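Asks: Pasted the sequence and its predicted model underneath.
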Amino acid sequence: MAAWDRLLVIENDTNSENSDTDTTESVDTGDDTDSEDARPNHHGPDSRTASHELYDKEKQRRLGKRLAYILRYGAEVAGLEVLHEGFVSLTDLLKTHLMRHDTIEEVLKEVKESHSSHGDMRFEKKEENGIIYVRACYGRRMERKPCHEGTQVTRLLEATINYVADHIKYFDLQEFPDEFLIKSIMHRLKLINRLNNVAFDSLLGRNIDTLDLSDAVLTVKTLKLLGQRCPHLKELSLKRCGYIVTDHTLEILLQRLKELESLDLESCSHLSDRTVNAIVKNCSNMVKLNIVGVPNISQQALLHLITACDKLKQLDISQCLNLTPEGWEILAQFTGEHHIMLNIIATKITLCD
């Protein structure tokens, strides 16, 4: 019996465990002011200072994510007027639901200081007639309102996407050349909780090179289809995909995804060093890896990853390791020598007695 088929048998006994998983895409709402996890922990002056620094960094990171979403995709949906070249009024921006807890000073600080992994400015501002405007410097692909301006008439593109999504089992889009439309259909299916094996069977094809499956309810069959249909995949997100993303399933999947450059495994908490070894063995082109909230990966495995994957440029291990100060120094030295951007926000540093 083949490895995938053995997993399919196992899956039949465990499917019910994932029945309550929420498949709706999530965006940070900005309601982090009262979060228990977001508040600093106070255990003496030194730890209080360190905790506040981590808290401030995490708050700024969340602000950056919300700002990027609105300025790249969601401005029109949020009711903002998008001017030439993607600029929106800062005053109007702060009235939106996502940004309602942020101040002008905080947003301007993020606009000024935020850079991409390549060192490029992520946002920029301009001032005209006393009004401050901001925009995303790149990656703008605004989600339009579903209806024509000032009417209740649905746009033709949205109507078509909705129809295909509602009748997906009747379509075979494996060879469909427009990746934007495929992603739009997947996005629609995720919103209505119907991004399932029937949909994947219709949509996955060789033309897809980026795939965001974050928060989706996956099965072994899904991962098998993914490996078979998308051998040229460059970017894959399995963020918060639950119990099905295990060392064993990833070992099999990564054998087929040799061209993978970016992998997001955030909150896939069942993973261990075996997954890191599978990445080293199969994904020599890996540039960006996110293992935030994956607690069972050792320092030794990460050092092996850093030295073996010579194209790796960005590694996020936030909230996933218990490092000794000596271990952190070694990891920092290795990443520095290999010019890798390392993110360790909220990673525990274990002090020795």
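Replies: Yep, it's here.

Asks: quick one: contacts for Q255?
Replies: G227, A278, N282 (Cβ atoms under 8 Å, 6 or more residues apart in numbering). C-beta coordinates here come from the backbone N, C-alpha and C atoms, glycine included.

Asks: Can you tell me which of those residues is nearest W328?
Replies: W328 has its nearest neighbour among the contacts of Q255 in A278, at 25.2 Å by Cβ to Cβ.

Asks: I'd like the distance between that closest one and K239.
Replies: Relative to K239, A278 is positioned 18 Å away (criterion: Cβ to Cβ, to the nearest Å).

Asks: Over to G79?
Replies: Using Cβ to Cβ, we find G79 at a distance of 28 Å from K239.

Asks: ditto for L250
Replies: Using Cβ to Cβ, one obtains 14 Å as the distance from L250 to K239.

Asks: So if I had to pick from those two, which one is more boxed in?
Replies: The residue with more neighbours, out of L250 and K239, is L250; 24 against 20, by other Cβ atoms under 10 Å.

Asks: Am I right that the more buried one is in a strand?
Replies: No - in this structure, L250 is helix, not part of a strand, as judged by DSSP: H, G, I helix; E, B strand; the rest coil.

Asks: contacting residues for it?
Replies: Contact partners of L250, counting by Cβ under 8 Å, 6+ apart, are L271, T275, A278.

Asks: quick one: the strands in this protein?
Replies: 88-89, 123-128, 131-136, 210-212, 235-237, 262-264, 288-290, 314-316, 322-323, 341-343, 348-349 (DSSP state E).

Asks: Adding mean pLDDT, mean neighbour count and distance to C147, write the ones you listed out as CSV.
Replies: Converted to CSV, the strands of the chain look like this (pLDDT from 0 to 100; neighbours: other Cβ atoms under 10 Å; distance: least, Cβ to Cβ, whole Å):
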stretch, mean pLDDT, mean neighbour count, distance to C147
strand 88-89, 94, 18, 20
strand 123-128, 94, 14, 29
strand 131-136, 95, 19, 24
strand 210-212, 91, 17, 26
strand 235-237, 95, 19, 30
strand 262-264, 96, 21, 33
strand 288-290, 94, 21, 36
strand 314-316, 89, 20, 38
strand 322-323, 64, 16, 52
strand 341-343, 77, 16, 40
strand 348-349, 48, 12, 49
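
Asks: now those strands in JSON lines, with distance to K59?
Replies: Compiled in JSON lines, the strands of the chain are given as follows (distance: least, Cβ to Cβ, whole Å):
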{"stretch": "strand 88-89", "distance to K59": "22"}
{"stretch": "strand 123-128", "distance to K59": "17"}
{"stretch": "strand 131-136", "distance to K59": "19"}
{"stretch": "strand 210-212", "distance to K59": "25"}
{"stretch": "strand 235-237", "distance to K59": "23"}
{"stretch": "strand 262-264", "distance to K59": "22"}
{"stretch": "strand 288-290", "distance to K59": "19"}
{"stretch": "strand 314-316", "distance to K59": "17"}
{"stretch": "strand 322-323", "distance to K59": "23"}
{"stretch": "strand 341-343", "distance to K59": "15"}
{"stretch": "strand 348-349", "distance to K59": "19"}
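
Asks: among these, which is nearest K169?
Replies: In terms of Cβ to Cβ, the element of those nearest to K169 is strand 210-212, at 20.1 Å.

Asks: For the closest residue to T103 other than its chain neighbours, which residues are in contact?
Replies: Computed as Cβ to Cβ, 6 or more residues apart in numbering, the closest residue to T103 that is not its neighbour in sequence is L94, at 7.7 Å. L94 makes contact with R100, D102, T103, I104, V107, according to Cβ under 8 Å, 6+ apart.

Asks: before we move on, back to that, in helices, which of the contacts of L250 appear?
Replies: Among the contacts of L250, the residues falling in helices (DSSP state H) are T275, A278.

Asks: lowest-pLDDT helix or strand in this protein?
Replies: When the helices and strands of the chain are scored by mean pLDDT, DSSP states H and E, strand 348-349 comes last with a mean of 48.

Asks: can I see the domain layout of this structure?
Replies: Here the domain assignment for the chain is 45-136, 160-208, 209-353, based on automatic domain parsing.

Asks: most tightly surrounded among these?
Replies: Neighbour counts averaged per stretch over the domains of the chain are highest for domain 209-353, at a mean of 18; criterion: mean count of other Cβ atoms under 10 Å.

Asks: that older thread, just send the contacts of Q255 back as CSV, with distance to N197 too.
Replies: Putting those into CSV (distance: Cβ to Cβ, whole Å) gives the following:
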residue, distance to N197
G227, 14
A278, 24
N282, 24
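
Asks: ok, back up a step: what separates the residue nearest to T103 from G139, distance-wise?
Replies: In this structure, L94 lies at 22 Å from G139, with Cβ to Cβ as the measure.

Asks: Helices of the protein, start to end?
Replies: In the chain, the segments counted as helices under DSSP H are 3-14, 45-69, 90-93, 104-113, 156-166, 179-191, 197-203, 220-229, 247-254, 273-282, 299-308, 325-337.
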